[in-house]
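Visitor: pasting the sequence and the predicted coordinates here, then a few questions.
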Amino acid sequence: MRTARIERETKESHVLVELNLDGQGIIDVDTGVPFFDHMMSQLGKHSGFDLTIKTKGDVHVDSHHSVEDTSLAFGQALREALGDKAGIRRFGDSMVPLDEVLVQAAVDLSGRPYLVHRQPEIVELIGTFDTTLGKHIWESIVAEAHIALHIRVLEGRNAHHVFEAQFKAVARALRDAVSLDGRVAGIPSTKGSL
């Protein structure tokens, strides 16, 4: 089983992430930040991962620490669950529409963290959620997962749709990239390691 269990504890938050890459999209997410719960639930459901996230953080200050630490822990769980990456497809991409929004995502499970993120200007708040955290979520996941991730919002204006389509697109790209491929012998790299 390609699974991981990560606990991350600081003075600002305590995070538990349990991840099964070969799951059925069973999700249980509670970060104390309802909109972020909705987004991470999209990531779990549409990737086909089983994903449990439990975060207790200083949301009385704001949601930044809970969102950041959860994203870091998820990235670490993804890296650990992948193990040596033998037999995986490695690359994945998707194009996801959500009403007026169209998002393209591509991922390389390369072992090298790199993010390219393009989205239009959107409102600063969705309910009480600070939308300026959007890019930082992906930066945090990429940093700990050690993956290259490109996200481009090609069309869109509604902030909720812009966020949600990104999470769905990344989920679908990850679903392909982590998939085991019978045609891949060992590590999918001429270097012999990822």
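Guide: That came through fine. Residues are numbered from 1 along each chain as shown.

Visitor: elements contacting the helix or strand harbouring residue 72?
Guide: Of the helices and strands defined by DSSP states H and E, residue 72 is found in helix 64-82. In terms of contacts (3 or more CB pairs under 8 Å, 6 or more residues apart in numbering; DSSP states H and E), helix 64-82 is packed against strand 3-9, strand 13-20, helix 34-47, strand 50-57, helix 134-145. Every C-beta, even on glycine, is put in place using the N, C-alpha and C of the backbone.

Visitor: closest one to residue 170 among these?
Guide: The closest of the helices and strands packed on helix 64-82 to residue 170 is helix 34-47. By CB to CB, the value is 6.6 Å.

Visitor: what's next to that closest one, contact-wise?
Guide: Helix 34-47 is contacted by residues 25-27, 29-31, 49-51, 53, 63, 66-67, 70, 74, 126-129, 137, 163-164, 167-168, 170-172, 174-175, 178 when judged by CB atoms under 8 Å, 6 or more residues apart in numbering.

Visitor: residues of it that come out buried?
Guide: By neighbour count, and taking 16 or more other CB atoms under 10 Å as the criterion, the buried residues in helix 34-47 are 35-47.

Visitor: could you do stretch 2-16 as well?
Guide: Buried residues in stretch 2-16, counting neighbours by 16+ other CB under 10 Å, are found at 2-4, 6, 8, 13, 15-16.

Visitor: now stretch 147-167
Guide: 147-153, 156, 158-167.

Visitor: same question for stretch 73-86.
Guide: Of the residues in stretch 73-86, those scored as buried under the neighbour-count criterion (16+ other CB under 10 Å) are 73-82, 85.

Visitor: what strand or helix carries residue 103?
Guide: Taking DSSP H and E as the definition, one finds residue 103 inside strand 101-108.

Visitor: that strand: how far from the chain's middle?
Guide: Averaging C-alpha coordinates over strand 101-108 and over its chain gives two centres that are 12 Å apart (CA atoms, centre = their mean, to the nearest Å).

Visitor: just the terminal-to-terminal distance for stretch 102-120.
Guide: Across stretch 102-120, the terminal residues are separated by 12 Å (CA to CA, to the nearest Å).

Visitor: and what of stretch 185-194?
Guide: Its start and end residues considered, stretch 185-194 measures 14 Å (CA to CA).

Visitor: can you start the count at 45 instead of 1 from here on
Guide: That works, and once the first residue is 45, the last one we named lands at stretch 229-238.

Visitor: mind listing what's buried in that stretch?
Guide: With the criterion 16+ other CB under 10 Å, stretch 229-238 contains buried residues 231-232, 238.

Visitor: okay, now the closest residue to residue 91 other than its chain neighbours: neighbour count?
Guide: With CB to CB, 6 or more residues apart in numbering as the measure, residue 215 is the residue that lies nearest to residue 91, at 4.0 Å, once sequence neighbours are left out. The local packing count at residue 215 equals 23, with neighbours defined by other CB atoms under 10 Å.
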